[in-house]
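Asks: A predicted structure for the sequence below; I have some questions about it.
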Amino acid sequence: PSGQPASQGRADLHTQLYEALARLDTPDREAALAKLAARLGRPPRLRSTHRPLDREQLYRLAAHPLVTIGAHTRSHPHLGRIAATRQAAELAGSKADLEAWLGRPVELIAYPHGSTNAATPRLAAEAGFRAGFTTMPRVVPHRLDPLRVPRINIEDQDGDQFAALLRWYRLSA
């Protein structure tokens, strides 16, 4: 809108693009991004801070005694927005891939974007996961569905901000 700073216009456009692309399953989203890149005349660039681990990094991380490797799907879709058959393939496929690479069971899944629907926990259980993590910002309740574990997302915060977050969740005096 006119009178709006350029940075706000870019932020609004980013939000609109994100929402439109997030509704698409991975193949359709990748096709739309490729079409957008071609139209802009620029190849897509993956930020170095947002790239997946390579296998050697995965092996080193998995060897650490304080680390448990969990799955996150093969292509990072919003599971709650795609068909159950695609969800099942994403869940089971990522589990199978990691187990083959690591040579041990993978029993945890962090749902991409925290996105689930009514079928997702059942499909995760059928794939062999024993726990699934959402991005619902809640304290873990006493009675817990292990395939819908909420999390409190901790961003880059200073001590005062972290203390305020703990107070808000009533985790500190």
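Replies: That came through fine.
Asks: find me the pLDDT at residue 171, would you?
Replies: Residue 171 carries a pLDDT value of 66.
Asks: show the contacting residues for residue 132.
Replies: Residues in contact with residue 132 (C-beta atoms under 8 Å, 6 or more residues apart in numbering) are 108, 109, 110, 111, 116, 120, 121, 124, 146, 147, 148, 149. (Glycine included, C-beta is placed from N, CA and C.)
Asks: mind doing that once more with 10 Å?
Replies: Contacts of residue 132 were listed using C-beta atoms under 10 Å, 6 or more residues apart in numbering, and they are 70-71, 79, 91, 108-111, 116, 120-121, 123-125, 145-149.
Asks: repeat for residue 169
Replies: Residue 169 neighbours (C-beta under 10 Å, 6+ apart): 137, 138, 139, 152.
Asks: and these, which two are furthest apart?
Replies: 137 and 139 (9.1 Å; C-beta to C-beta).
Asks: hey, what's in contact with both of those two?
Replies: Joint contacts of residue 137 and residue 139 (C-beta under 10 Å, 6+ apart) are 150, 151, 152, 169.
Asks: so what's the residue sitting nearest the centre point of the chain closest to, chain neighbours aside?
Replies: Centroid-nearest residue in the chain, with C-alpha atoms, centre = their mean: residue 112, separated by 2.5 Å. Excluding the flanking residues, the one nearest residue 112 by C-beta to C-beta, 6 or more residues apart in numbering is residue 76, at 4.5 Å.
Asks: any idea of the pLDDT on residue 133?
Replies: Residue 133 is given a pLDDT of 95.
Asks: pretty sure it sits against residue 148.
Replies: Yes - between residue 133 and residue 148 there is a contact at 8.5 Å, judged by C-beta atoms under 10 Å.
Asks: and the pLDDT at residue 165?
Replies: Reported pLDDT for residue 165: 83.
Asks: remind me which helix or strand it belongs to.
Replies: helix 159-168 (DSSP states H and E).
Asks: chain center to that helix: distance?
Replies: Helix 159-168 sits 24 Å away from the centroid of its parent chain (C-alpha atoms, centre = their mean, to the nearest Å).
Asks: in that helix, what counts as buried?
Replies: Residues residue 165 are the ones in helix 159-168 that count as buried (16 or more other C-beta atoms under 10 Å).
Asks: tell me the secondary structure for residue 80?
Replies: helix (DSSP: H, G, I helix; E, B strand; the rest coil).
Asks: so what's the residue count around it?
Replies: 17 (other C-beta atoms under 10 Å).
Asks: I'd guessed it sits against residue 116; true?
Replies: Yes - under the criterion of C-beta under 10 Å, residue 80 makes contact with residue 116 at 4.9 Å.
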